Every structure is written in structure tokens, then in C-alpha cells.
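take this sequence and fold it.
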Amino acid sequence: MATVFQKCKTDEDHRHCPCEKTRCGHSWTVRYREPGGRSGRQREKSFPKKTQAEAHGNKMEADKVAGVYLDPDRGKITVAAWWDEWLAAQILAPNTLRDYKGFAANYLIPTLGRKTIGGVAPNDAQRVVKAMEDAGLMATTIRTRVISMKAMFKAAVDNDRIGKDPCKNLKLPRVASTAVDEDEIPTLPEVVQIAAEIPAEYRLNVWLISGVGVRPSEAFAGSEDCCRGDVYRVYRQATDKGDRKGNRKGLVPLKHRAEGDYREAPLAGWLAEEIARHTAQHGTRTILGASGLFFATKAGELLTHEGFYYHWRQAMKKLGMKYKPHDLRHFFASTMLAAGVSLLEVSRWLGHKSIRVTADTYGHLVPDSWNRGRKAMEDAMRPQLTAIKGGAPNGPEEVAQAA
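Below you'll find the predicted structure:
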């Protein structure tokens, strides 16, 4: 059990010992052992008042019984030091690692870096969110950036560094609707116009993004082995942020997927013909150990955003359009939904993390959904309403009265 005493009356080395006063005003010390019985390390802490020392001792003993005791010293590591320790243990894609480091350098460390993790309160974590909001970051960006902070403090709890997660009830700015604006969806004639303006050696990117719904970075990594009969398989993407092998440009796993994972989408006959025409005219490349690649820069390097977007901007300027390459994915999704393909299938082909993302983005584009909803309700209710003898009531209220 914890012991409470005054050192001024018991410790000969104490500067006030021996103290003869009953109420001397000197500090009170509580002494207790960590879990492990007699083998547990002995600890002590001093307080101005006896009641405070007793309360702390009772809490430590209760925590030992409940199995939730934490070593106070483990929470004394600074946020900056714990961030470095936590980040070093993470397995992250190059782009994600870059985003995490940027968030820490610009917001987390300047705001909380010198505090101990045990001393971080919910209001402190909230100040990090406020710092990003004051800096003008979009709500979606803020929500993405705090993921790493939440994971770091959760790891502190899991590793018995702290008892409570200060990010548990973090308040984040409200995010606007993610539904795609129909003005951001190019029409079929516009897609054809865009393709015509892109240099021939890169034109196939337009057809791949709009034809199988791949992301631009996935189109850049396209190769002959992606074509499997009437199926197009996507299993990697090109990045200009560096890969795990240290290359400035590299081929990395798909978004939301592990190394070796892939997804597939139906390959239309016209697109298969375009792929064959492209390889016949421009051949393929072997870059960074990957063979059969459809695209390469004039310098023979991997095609990435920085190389393709120059040609895209030139085409947009000439055509007087303001689309982004990603908008071609919207064309793919809207075309599929207009043809009656289910949201679930479209979600799989697009490679969304969940069908909810697809529904939030494209759900309003499902054709005739309003008319189908009206018809469903009409078919369900009308027979019951007309079955009431004495004629067809005008609505549920008359049905209730007739009943």
C-alpha cells in the first residue's frame, strides 16, 4: 500500500529535519511500488497538501489493481521525440511519408513539439487543427493531415506511454459535398477533341483514363501485360515523388493497395485497338526494370505527372477548356452509370476505397433514379388506396379514415 509522510520529520538529510511543528506547511510525500510486488520499482512523489498525496497514492494503487497502471516517466518524452520514434516504425508509401513529414514540420512540431506527450490535453491537439485552419488549408486537407497525429497518439496509448488519447474527440472542420459537379465531366465530343490535341505518343493516356477509368498515374504506368483479353489489369502507378528504392521517379503500388495487389476493368474493343495502334507506331519501353511500358519521356525516363501535364495544359489552352486529366475518370464513371451499370461495379473498376466514396461522388448521376423512386412508391401504395371500397381515396389520411 502507498505510504504518506513528511520528509521534514523522518528524513535526516532533509533541510528542515527535525521539524517539531505539527502543521509546519512542508510538503507531503507519497511512496508506492510499481506493479510486481516487492520486485516492483519504488516510486515517490511530493505534494503541497496531505490530501493530494493520499489521493495520488490511492489512484496508483487502484490503477495497479485494475491493470491500468502507467509509468509516469514514459509519458515524459516530448511530442517531437515521440513523433520521430513513431514515424521510424511506420511502413509508408513515399508520397504518404512526404505528406506526414510536411504536416509535422509545419504544424505539429511548432505547436506541440516541446510538450511531453503525457502533458498534451485535448485542447492542445485542437490547437493543431486551428493552426492548419488559420493557414488556409481546405477542410479535406486538414482531415487528411490529422490522420498521422491521431495514429501517433493512439500508438502512445497502445505502448503505455499515456492513458488517454487527446485526439479522441477532435473537432474537425465540416467538409463540403464530394459530389462531382456535372460541369467537371467532359462530353464525348470534348474527350475526342482533347485526345486529338495531345501529342500522338501520349494520346493513349486520354483513352485509358476515359476508357477504363484508371487514375492518370496508373495510365502512365500502363504496359502490355495490363491487357488480358477483354480485361485491363491495373497493378501499379507512376510517381514523380520518388519510390522506396530511392529513384527520383518510380513505379509504386496502387492507391489503397499493397504491393502485388491489382484491380481489373472491362476492356472495350475500340480501346484494345487503340492500344495495338499505339504500340505499333511508338513501340514500348523498359524503364526501372519494368518492360513493355507504353510511355516514356523524350529523355527516355518514366512518364509522370510533370511530363504529361505540360502537354495537357497546352491542349486545354488551345481548346479553351479547363478540365483536369482526372476529369476523364468522371467521364468513365458517368458513362457507365448512364448505361445502367451498378455503383458497386463502377466502384470496383475505379479502385475506390469503398462504395461509399463512389456513391458520394457519383450517386446523383444515376439515371432516372427520381422517376424510379416515384414509381416504386406509386406501385407500393396505389393498389392499397384503390382497394378501399367506396372509390379511390386521395391519400393516406383518407385510407386511415376509411379503415
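
for this protein, what helix or strand is lowest in average pLDDT?
helix 396-402 (a mean of 52; mean pLDDT, DSSP states H and E).

need the helices for the stretch 151-300 of the chain, in chain order.
For the stretch 151-300 of the chain, the helices defined by DSSP state H, counting those that start in this stretch cover 188-197, 204-212, 216-220, 269-282.

and the residue nearest to residue 359 when sequence neighbours are not counted, what does it touch?
In space, and not counting its chain neighbours, residue 359 is closest to residue 343: 5.7 Å by CB to CB, 6 or more residues apart in numbering. To be clear about C-beta, it is placed using only N, CA and C from the backbone, and glycine gets the same treatment. Shown here is residue 343, whose contacts under the criterion CB atoms under 8 Å, 6 or more residues apart in numbering are 337, 355, 358, 359, 362, 363, 366.

of those residues, keep whichever come out buried.
337, 355, 358, 359, 362, 366 (16 or more other CB atoms under 10 Å).

with secondary structure and pLDDT added, can I get the residues you listed in a markdown table?
Formatted as a markdown table, the buried ones among the contacts of residue 343 follow (DSSP: H, G, I helix; E, B strand; the rest coil; pLDDT from 0 to 100):
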| residue | secondary structure | pLDDT |
| --- | --- | --- |
| 337 | helix | 86 |
| 355 | helix | 83 |
| 358 | helix | 80 |
| 359 | helix | 81 |
| 362 | helix | 80 |
| 366 | coil | 66 |
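
before we move on, back to that, what's the closest of the helices of the stretch 151-300 of the chain to residue 59?
For these, the distance to residue 59 is smallest for helix 216-220, at 53.0 Å, taking CB to CB.

separation between the residue nearest to residue 169 when sequence neighbours are not counted and residue 129?
Leaving aside its chain neighbours, residue 169 sits nearest to residue 122 (6.4 Å; criterion: CB to CB, 6+ apart). For residue 122, the distance to residue 129 (CB to CB, to the nearest Å) stands at 11 Å.

overlap of the contact sets of those two?
residue 170.

who has more neighbours, the two?
Neighbour count, other CB atoms under 10 Å: between residue 122 and residue 129, residue 129 has more, with 22 against 15.

that's a helix at the more buried one, yeah?
Yes: counting by DSSP: H, G, I helix; E, B strand; the rest coil, residue 129 is located in a helix.

oh, and call the first residue 24 from now on, that's how I've got it
Sure, I'll start numbering at 24, so the last one becomes residue 152.

sorry, back to before: tell me the one of the contacts of residue 366 nearest residue 181?
Looking across the contacts of residue 366 and measuring by CB to CB, the closest to residue 181 is residue 378, at 30.2 Å.

could you say which helix or strand holds the closest residue to that closest one other than its chain neighbours?
Leaving aside its sequence neighbours, residue 378 sits nearest to residue 370 (CB to CB, 6+ apart; 4.4 Å). Per DSSP states H and E: residue 370 is located in helix 366-373.

mind listing what's buried in that helix?
So, applying 16+ other CB under 10 Å, buried residues of helix 366-373: 366, 369, 370, 372, 373.

now the angle between helix 227-235 and it, please.
160 degrees (axes from the mean of the first three to the mean of the last three CA atoms, to 10 degrees).

show me where pLDDT drops low in the stretch 174-323 of the chain?
Along the stretch 174-323 of the chain, segments meeting pLDDT under 70 span 200, 265-271.

and the strands in it?
For the stretch 174-323 of the chain, the strands defined by DSSP state E, counting those that start in this stretch occupy 250-251, 254-257, 260-262, 273-275, 286-289, 308-310, 313-316.

just name the most buried of the ones you listed.
Highest mean neighbour count of those: strand 260-262, a mean of 24 (counted as mean count of other CB atoms under 10 Å).

in terms of secondary structure, what does it contact?
Packed against strand 260-262 by the contact rule (3 or more CB pairs under 8 Å, 6 or more residues apart in numbering; DSSP states H and E) you find helix 239-243, strand 273-275.

out of these, which is closest to residue 38?
strand 273-275 (63.9 Å).

centre of the chain to that closest one, how far?
20 Å (CA atoms, centre = their mean, to the nearest Å).

return the list of helices and strands in contact with it.
Going by 3+ CB pairs under 8 Å, 6+ apart, strand 273-275 lies up against helix 117-126, strand 260-262.

and these as JSON lines, adding distance to residue 291?
Below are the helices and strands packed on strand 273-275 laid out as JSON lines (distance: least, CB to CB, whole Å):
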{"stretch": "helix 117-126", "distance to residue 291": "31"}
{"stretch": "strand 260-262", "distance to residue 291": "22"}
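
how about these, which one is nearest residue 241?
So among those, strand 260-262 is nearest, using CB to CB, at 4.7 Å.

how far away from the center of its chain is that closest one?
19 Å.

okay, now the sheet partners of that strand, with direction.
If you go by DSSP bridges, strand 260-262 pairs up with strand 273-275 (antiparallel).

how far away is residue 240 from residue 232?
Counting by CB to CB - residue 240 and residue 232 are separated by 10 Å.

brain fart, residue 85
61 Å.

residue 315 now?
In terms of CB to CB, residue 315 sits 19 Å off from residue 232.

same question, residue 387
Residue 387 sits 22 Å away from residue 232, going by CB to CB.

got it, and residue 407?
For residue 407, the distance to residue 232 - CB to CB - is 49 Å.

more neighbours: which of these two?
residue 232 (24 against 11).

residue closest to the middle of the chain?
residue 167 (5.2 Å; CA atoms, centre = their mean).

let me know the secondary structure of that one.
helix.

do you know the pLDDT at it?
According to the prediction, residue 167 has pLDDT 91.

for residue 357, which residues are in contact?
Contacts of residue 357 (CB under 8 Å, 6+ apart): 208, 385, 388.
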